[in-house]
Each structure stands twice: as structure tokens, then as C-alpha cells.
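Peer 1: make a model of this:
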Amino acid sequence: MGVSIQCGINNPAPAPGTIVGSGTVEVTNLSVKNYYFKKGGESYGYITFYYQKGNNWEKLTVSSPYGIKQGSGNTAPATGYTLSEEDVILGNSYFFKPDSLHYGRIDINYRLVNSTATVGFKWTIQTENDNRELY
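Peer 2: From the prediction side, this is the model:
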């Protein structure tokens, strides 16, 4: 006889102070596109997508002006962010610092590359300064 108990939460509720949304960005070859996080007239910074396509290869990345880090979880890490670009991989999540005061997370749920690149994602931004709790 076996017993199975599931304690995991597939869709946790956003933490107090967060704003959530979804976005889609289309980036042409050899260009960058910024995505800005805004709510009620307030701005919470941005992230940058970059796309480059060669004959037999392609590069699609995301970066953030104050750092980005691939990972999962409910709380943004305190350290380990890079100012370098991270490869955009379908299904991955990335914590980021869109400005000097806030933390966020994007979850990549759509990725299409051809002559242009299109990225779809869900996002969460913590609006309280220096608060890393997202879910």
C-alpha cells in the first residue's frame, strides 16, 4: 500500500508588493529591443533582448542593466547576477534587477526564431525597494 502526498505549488500567488504581466518582444537581426516594466505611471526598469542570426547559427539573449541570473524559486537571489547576456531558452526562468532598487523574474513561454526573433514571457516585479520576495 502506498501513499502519495503532493505539497508542491504549481502556480504560487504573487507576494505582496508585486505586479505581474506578460509581454511579447520581436527583435530583428542585429538589433536590441528593450522591454519596460510600468504600472500606474511608475516605471520599474527594463530588460534587453538581443538577436543575431548567421547562415548556420543564431543567438538570442536577454540582459538587464543591474544584472540577470537564470534560476527558479520564489525569492530572487541576493547575489550571483551577471551583467552579461543570458541565452533565451524556452521554459527557463531568469531573475533580474531592472533598476537599482527592484527585483523581477521572467518565465520564457514562447520562442520563435527566423529572420526575426519573437519571445513571449510572463513577468513579476517586486515594487517594494530591495525586497526580493516575488511569490
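
Peer 1: could you report the neighbour count for the spatially closest residue to D87 that is not a sequence neighbour?
Peer 2: Leaving aside its sequence neighbours, D87 sits nearest to T61 (C-beta to C-beta, 6 or more residues apart in numbering; 5.8 Å). In this view, the C-beta of every residue, glycine as well, is placed from N, C-alpha and C. Close neighbours of T61, defined as other C-beta atoms under 10 Å, add up to 18.

Peer 1: what's the helix or strand for T61?
Peer 2: strand 58-63 (DSSP states H and E).

Peer 1: which helices and strands sit right next to the following helix or strand past that strand?
Peer 2: Toward the C-terminus, strand 58-63 is succeeded by strand 68-70 as the next helix or strand (DSSP H and E). Applying 3 or more C-beta pairs under 8 Å, 6 or more residues apart in numbering; DSSP states H and E, one finds that strand 68-70 contacts strand 86-87, strand 93-96.

Peer 1: now do the strands in the chain.
Peer 2: Under the criterion DSSP state E, the chain contains strands at 18-28, 31-39, 42-53, 58-63, 68-70, 86-87, 93-96, 103-113, 116-126.

Peer 1: how near is the residue lying closest to N74 once chain neighbours are set aside to K53?
Peer 2: Excluding the flanking residues, the one nearest N74 by C-beta to C-beta, 6+ apart is Y135, at 3.9 Å. Distance of Y135 to K53, given as C-beta to C-beta, to the nearest Å: 35 Å.

Peer 1: over to T118?
Peer 2: Using C-beta to C-beta, we find T118 at a distance of 13 Å from K53.

Peer 1: one more: Y81?
Peer 2: Per C-beta to C-beta, Y81 is found 27 Å from K53.
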